[in-house]
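Trainee: Provided below for reference: sequence and predicted model.
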Amino acid sequence: MISSSDIFHGKVLIVDDQEANVHLLERMLRGAGYVSVTSTMDPAEVCELHRKNRYDLILLDLLMPGMDGFQVMEGLKEIEPDGYLPVLVITAQPDHKLRALKAGAKDFVSKPFDMAEVLARVHNMLEVRLLHLETKKLYDELVAEKKWSIELSAQPGVMVGVEKEERLATPWSRSLRLRHPWLQFNLLTSLLGGGMVLLFHDTINRLLILAVFVPVLISQTNNTGGQTLAITLRGLNLGDLKAGKEKALVTKEALLGLLNGVLVGLVAATAMFAAATLMHLSTAPMLSVVVFLAMTGSCVISGICGAIVPLALKKFGADPATASSIVLTTATDVAALAMLFGLATVLVR
């Protein structure tokens, strides 16, 4: 809502080639409580002054030597992108009023000045102008919010290889061309995770119970990395992540990964100890240590990767939202499996 204080703090410019008129209008407005009143007697200065100061109201005399008020209004139209001219014309010629309104002026005051009329029209014009600016700001915010909502709705699809331009009505052949390359890329990266199983097949054969905790470990690390990825992408899209703040982001997410990893690691280690004890395995204590360390370490790595992957993709000119999920999933899966099976190979005999 526009308050009286807002109106009295509105920026007003008086333009008249007669010094007496300028002084009279200044005294009227300042005496009524307006605190931001300036003036000029040179109409050629008006456009540049308005470009710098963006006045809420311009009291503009129509008949001035060198450049009349109509020419000034034409210049102002080039400055105001939405075509709204905050102009209150000053004229002693009745036939100029209609022409001025058609030229873009919003109201007029007649010479000689009537103080009550001048103050009433100035007040009304400022109120309308400020309401216009407030409405425009709200409209711009709604447009920006709608654009962000569209981007947000497209993001889940983009992160799994569904391009932003694909819609329900997209032909199946085009959908195939848009989606299939990402599925092939995902297959290749998934083979890296499978390679970890082959690398540690002797350990898996010896400690089959570890296989029970593989999906648990991968699920936790993927969730940890996914949370960081979502925050990072949101920061990039909204402009919250400023240049030079990348290190602070990575450090914060590494710390969160460590803390979350310790907490979920304790629960997972307890579950491993209970399961191994029920199976009468003498290595139950060491297996629980392996699970705890693997869970903690994997969450730290997932948090770091969730921040670094989109930043790296952006740096190399790729769309962070498009490939981040696939790259992140591969990195976290490989790290989790390597830590679980690697620690078990070294610590459990």
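Mentor: Received the coordinates, thanks. As the structure is a prediction and not an experimental result, all values here were calculated from the model.
Trainee: contacting residues for residue 59?
Mentor: Neighbour list for residue 59: 12-16, 25, 88, 90, 109, 122 [criterion: Cβ atoms under 8 Å, 6 or more residues apart in numbering]. C-beta here means a position set from N, CA and C on the backbone, and glycine is covered the same way.
Trainee: Ignore what I typed, I meant residue 90.
Mentor: Under the criterion of Cβ under 8 Å, 6+ apart, the contact partners of residue 90 comprise 16, 21, 59-62, 69, 108-109, 111.
Trainee: Strands along the stretch 1-150 of the chain, start to end?
Mentor: Along the stretch 1-150 of the chain, the stretches classed as strands by DSSP state E, counting those that start in this stretch are 12-15, 37-40, 57-61, 87-91, 107-110.
Trainee: From the contact counts, what lies against the first one?
Mentor: Just to be clear, that refers to strand 12-15. In this structure, strand 12-15 makes packing contacts with helix 19-32, strand 37-40, helix 46-53, strand 57-61, judged by 3 or more Cβ pairs under 8 Å, 6 or more residues apart in numbering; DSSP states H and E.
Trainee: Pick the most deeply packed of these.
Mentor: Scoring the helices and strands packed on strand 12-15 by mean neighbour count under mean count of other Cβ atoms under 10 Å gives strand 57-61 as the most buried, with a mean of 26.
Trainee: May I have the strands that pair with it, each with its orientation?
Mentor: For strand 57-61, sheet partners with direction are given as strand 12-15 (parallel), strand 87-91 (parallel), following DSSP bridges.
Trainee: any idea of the mean pLDDT in the longest one?
Mentor: Taken as a whole, strand 87-91 has an average pLDDT of 88.
Trainee: Next: stretch 298-312.
Mentor: Model confidence over stretch 298-312, given as mean pLDDT, is 91.
Trainee: rewinding a little: and residue 117, which of the strands paired with strand 57-61 is closest to it?
Mentor: Distance to residue 117, taken as Cβ to Cβ, is lowest for strand 87-91 among those, at 11.1 Å.
Trainee: And the protein, what are its domain boundaries?
Mentor: According to the domain assignment given by automatic domain parsing, the chain is divided into the following structural domains: 4-138, 172-347.
Trainee: Next up, the contacts around residue 10.
Mentor: Listed by Cβ under 8 Å, 6+ apart, the contact set of residue 10 reads 34, 36, 56-57, 126, 129-130.
Trainee: Only whichever of those residues are buried, select them in ChimeraX.
Mentor: The command below creates a ChimeraX selection of those among those that count as buried (16 or more other Cβ atoms under 10 Å):
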select :34,56,57,126,129,130
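Trainee: Include distance to residue 181 when you put the contacts of residue 10 into a markdown table, please.
Mentor: Output for the contacts of residue 10, formatted as a markdown table (distance: Cβ to Cβ, whole Å):
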| residue | distance to residue 181 |
| --- | --- |
| 34 | 64 |
| 36 | 59 |
| 56 | 55 |
| 57 | 58 |
| 126 | 58 |
| 129 | 54 |
| 130 | 53 |
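Trainee: Residue 84 versus residue 77, what's the distance?
Mentor: Distance, residue 77 to residue 84, using Cβ to Cβ, to the nearest Å: 10 Å.
Trainee: picking that back up, which one of the helices and strands packed on strand 12-15 lies nearest to residue 334?
Mentor: Judged by Cβ to Cβ, the one of these that comes nearest to residue 334 is helix 46-53, at 57.4 Å.
Trainee: Report all helices and strands that the closest one contacts.
Mentor: Using 3+ Cβ pairs under 8 Å, 6+ apart as the contact test, the elements touching helix 46-53 are strand 12-15, strand 37-40, strand 57-61, helix 69-79.
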